[in-house]
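J.: I need the structure of the sequence given here:
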Amino acid sequence: MARAAMEYARLDKVLFVVSARPPHKSQGAVATAEQRYAMVRLALEDEPRMEPCRFELERPGLSYTVDTVQLLSGQYPRATLYLILGMDSLVDFSKWREPRKILELARILAIPREGCTPPEDILGFSYDVVPFEKTPMSSTDVRRKLAAGDSVEAIIPPRVLTYIRQEGLYGVAR
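T.: Next up is the predicted model:
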(Lines give C-alpha, C1' and ligand atoms only; values in the text may rest on other atoms or scores of the structure.)
Protein backbone atom coordinates (compact mmCIF):
# COMPACT_ATOMS: atom_id res chain seq x y z
CA MET A 1 0.00 0.00 0.00
CA ALA A 2 2.79 2.40 0.92
CA ARG A 3 4.66 1.72 -2.33
CA ALA A 4 1.49 2.30 -4.36
CA ALA A 5 0.79 5.58 -2.54
CA MET A 6 4.43 6.66 -2.91
CA GLU A 7 4.35 6.06 -6.65
CA TYR A 8 0.89 7.57 -7.16
CA ALA A 9 1.58 10.83 -5.30
CA ARG A 10 5.34 10.94 -6.05
CA LEU A 11 6.18 11.04 -2.36
CA ASP A 12 9.75 11.61 -1.21
CA LYS A 13 9.27 9.69 2.02
CA VAL A 14 6.64 7.65 3.86
CA LEU A 15 6.62 7.64 7.65
CA PHE A 16 5.02 4.69 9.38
CA VAL A 17 3.61 6.18 12.57
CA VAL A 18 3.32 3.54 15.25
CA SER A 19 0.40 4.31 17.51
CA ALA A 20 1.17 3.98 21.22
CA ARG A 21 -2.35 4.10 22.62
CA PRO A 22 -5.02 4.18 19.90
CA PRO A 23 -8.34 5.40 21.36
CA HIS A 24 -10.44 3.10 19.11
CA LYS A 25 -8.71 -0.20 19.90
CA SER A 26 -9.33 -2.24 22.99
CA GLN A 27 -6.48 -4.07 24.60
CA GLY A 28 -6.35 -7.78 23.94
CA ALA A 29 -3.83 -10.31 22.75
CA VAL A 30 -1.80 -7.74 20.83
CA ALA A 31 1.81 -6.71 20.54
CA THR A 32 3.05 -3.84 22.69
CA ALA A 33 3.76 -0.51 21.04
CA GLU A 34 7.51 -1.21 21.23
CA GLN A 35 7.04 -4.65 19.64
CA ARG A 36 4.96 -3.11 16.84
CA TYR A 37 7.66 -0.46 16.34
CA ALA A 38 10.31 -3.20 16.13
CA MET A 39 8.26 -5.06 13.50
CA VAL A 40 7.82 -1.91 11.42
CA ARG A 41 11.54 -1.16 11.67
CA LEU A 42 12.37 -4.71 10.51
CA ALA A 43 9.85 -4.55 7.65
CA LEU A 44 11.34 -1.29 6.36
CA GLU A 45 15.05 -2.19 6.53
CA ASP A 46 15.29 -2.51 2.75
CA GLU A 47 13.03 0.48 1.98
CA PRO A 48 15.27 3.58 1.90
CA ARG A 49 12.39 6.05 1.42
CA MET A 50 10.24 4.57 4.18
CA GLU A 51 10.90 4.81 7.90
CA PRO A 52 9.26 4.03 11.22
CA CYS A 53 8.17 7.03 13.27
CA ARG A 54 8.18 7.14 17.09
CA PHE A 55 6.26 10.43 17.56
CA GLU A 56 3.24 8.79 19.16
CA LEU A 57 5.36 6.44 21.27
CA GLU A 58 7.14 9.37 22.89
CA ARG A 59 4.01 11.38 23.64
CA PRO A 60 1.87 10.78 26.75
CA GLY A 61 -1.83 10.03 26.57
CA LEU A 62 -3.93 8.59 23.78
CA SER A 63 -2.61 8.63 20.21
CA TYR A 64 -4.67 10.96 18.03
CA THR A 65 -3.87 11.49 14.36
CA VAL A 66 -4.58 15.20 14.60
CA ASP A 67 -1.78 15.64 17.16
CA THR A 68 0.67 13.74 14.99
CA VAL A 69 -0.25 15.65 11.83
CA GLN A 70 0.18 18.95 13.68
CA LEU A 71 3.58 17.83 14.95
CA LEU A 72 4.67 16.73 11.48
CA SER A 73 3.40 19.99 9.99
CA GLY A 74 5.62 21.89 12.39
CA GLN A 75 8.59 19.60 11.80
CA TYR A 76 8.24 19.69 8.00
CA PRO A 77 6.81 23.20 7.37
CA ARG A 78 7.54 23.20 3.61
CA ALA A 79 6.28 19.68 2.94
CA THR A 80 2.91 18.72 1.56
CA LEU A 81 1.67 16.13 4.02
CA TYR A 82 -0.39 13.12 2.99
CA LEU A 83 -2.23 10.67 5.21
CA ILE A 84 -2.43 7.17 3.76
CA LEU A 85 -5.56 5.33 4.91
CA GLY A 86 -7.42 2.20 3.99
CA MET A 87 -10.89 2.92 2.65
CA ASP A 88 -12.32 1.11 5.69
CA SER A 89 -10.77 3.81 7.92
CA LEU A 90 -11.89 6.61 5.62
CA VAL A 91 -15.53 5.57 6.01
CA ASP A 92 -15.36 6.44 9.75
CA PHE A 93 -13.00 9.41 9.36
CA SER A 94 -15.60 12.06 10.29
CA LYS A 95 -15.80 10.44 13.77
CA TRP A 96 -12.07 10.96 14.43
CA ARG A 97 -10.84 13.70 16.75
CA GLU A 98 -10.75 17.04 14.85
CA PRO A 99 -11.09 15.56 11.36
CA ARG A 100 -11.35 19.01 9.74
CA LYS A 101 -8.00 20.04 11.24
CA ILE A 102 -6.41 16.88 9.84
CA LEU A 103 -7.86 17.66 6.40
CA GLU A 104 -6.56 21.23 6.56
CA LEU A 105 -3.02 19.96 7.22
CA ALA A 106 -2.84 16.79 5.12
CA ARG A 107 -4.27 15.39 1.92
CA ILE A 108 -5.84 11.93 2.14
CA LEU A 109 -4.58 9.07 -0.03
CA ALA A 110 -7.17 6.30 0.31
CA ILE A 111 -6.40 2.68 -0.50
CA PRO A 112 -9.38 0.68 -1.82
CA ARG A 113 -10.65 -2.15 0.39
CA GLU A 114 -12.95 -4.91 -0.73
CA GLY A 115 -16.50 -4.27 0.45
CA CYS A 116 -15.93 -0.55 1.20
CA THR A 117 -17.83 2.01 -0.80
CA PRO A 118 -15.82 5.23 -1.14
CA PRO A 119 -17.58 8.33 0.22
CA GLU A 120 -18.08 11.16 -2.26
CA ASP A 121 -16.05 13.50 -0.08
CA ILE A 122 -15.05 13.86 3.56
CA LEU A 123 -16.58 16.82 5.36
CA GLY A 124 -16.51 18.74 2.07
CA PHE A 125 -12.85 17.87 1.33
CA SER A 126 -11.83 15.80 -1.66
CA TYR A 127 -9.33 12.96 -1.43
CA ASP A 128 -7.40 10.72 -3.80
CA VAL A 129 -8.00 7.01 -4.31
CA VAL A 130 -4.68 5.27 -4.93
CA PRO A 131 -4.79 2.64 -7.70
CA PHE A 132 -4.35 -0.60 -5.82
CA GLU A 133 -5.79 -4.07 -6.17
CA LYS A 134 -8.49 -4.42 -3.54
CA THR A 135 -7.78 -6.99 -0.89
CA PRO A 136 -10.12 -8.56 1.64
CA MET A 137 -7.13 -9.25 3.96
CA SER A 138 -7.06 -7.13 7.11
CA SER A 139 -4.52 -7.06 9.93
CA THR A 140 -7.04 -9.02 12.01
CA ASP A 141 -7.14 -11.68 9.28
CA VAL A 142 -3.33 -11.88 9.27
CA ARG A 143 -3.23 -12.30 13.06
CA ARG A 144 -5.86 -15.08 12.80
CA LYS A 145 -3.80 -16.85 10.17
CA LEU A 146 -0.74 -16.62 12.41
CA ALA A 147 -2.60 -18.01 15.41
CA ALA A 148 -4.02 -20.85 13.29
CA GLY A 149 -0.55 -21.76 12.01
CA ASP A 150 -1.49 -20.95 8.40
CA SER A 151 1.17 -19.89 5.92
CA VAL A 152 1.81 -16.14 6.00
CA GLU A 153 5.19 -16.02 4.25
CA ALA A 154 3.68 -14.28 1.22
CA ILE A 155 2.30 -11.40 3.31
CA ILE A 156 4.78 -10.90 6.16
CA PRO A 157 8.45 -10.05 5.53
CA PRO A 158 10.76 -12.88 6.72
CA ARG A 159 12.51 -10.74 9.38
CA VAL A 160 9.15 -9.72 10.84
CA LEU A 161 7.91 -13.30 10.87
CA THR A 162 11.08 -14.39 12.68
CA TYR A 163 10.53 -11.64 15.26
CA ILE A 164 6.89 -12.67 15.76
CA ARG A 165 7.99 -16.24 16.38
CA GLN A 166 10.83 -15.21 18.72
CA GLU A 167 8.46 -13.02 20.75
CA GLY A 168 5.57 -15.51 20.68
CA LEU A 169 3.19 -12.83 19.35
CA TYR A 170 -0.36 -13.30 18.05
CA GLY A 171 -0.71 -16.82 19.39
CA VAL A 172 2.40 -18.12 17.64
CA ALA A 173 4.36 -20.58 19.77
CA ARG A 174 7.98 -19.67 20.50
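J.: helix or strand with the lowest mean pLDDT in the protein?
T.: One helix or strand of the chain scores below all others by mean pLDDT, DSSP states H and E: helix 139-148, with a mean of 86.
J.: what lies in contact with that one?
T.: 151-152, 155-156, 164, 169-172 (C-beta atoms under 8 Å, 6 or more residues apart in numbering). Bear in mind the C-beta positions are built from the backbone N, C-alpha and C, glycine included.
J.: which other helices and strands contact the next helix-or-strand element following that helix?
T.: Following the chain from helix 139-148 toward its C-terminal end, the next helix or strand by DSSP states H and E is helix 158-167. Applying 3 or more C-beta pairs under 8 Å, 6 or more residues apart in numbering; DSSP states H and E, one finds that helix 158-167 contacts helix 33-43.
J.: mind listing what's buried along the helix it packs on?
T.: Neighbour-count burial for helix 33-43 flags 33, 36-43 (criterion: 16 or more other C-beta atoms under 10 Å).
J.: how far off centre is the least confident helix or strand of the chain?
T.: If you compare the mean C-alpha spot of helix 139-148 with that of the full chain, they lie 17 Å apart, counting by C-alpha atoms, centre = their mean, to the nearest Å.
J.: same check on stretch 30-37?
T.: Counting by C-alpha atoms, centre = their mean, stretch 30-37 is centred 13 Å from the centre of its parent chain.
J.: cool, and stretch 86-96?
T.: A distance of 13 Å separates the centroid of the chain from that of stretch 86-96, by C-alpha atoms, centre = their mean.
J.: tell me the average confidence for it?
T.: Mean per-residue pLDDT for stretch 86-96: 90.
J.: run through who's touching it.
T.: Residues lying outside stretch 86-96 but in contact with it, judged by C-beta under 8 Å, 6+ apart, are 1, 64-66, 85, 99, 102, 108, 110-113, 116-119, 122-123, 127, 129, 138.
J.: can you list the low-confidence ranges for this protein?
T.: When residues are selected by pLDDT under 70, those of the chain lie in 24-29, 136.
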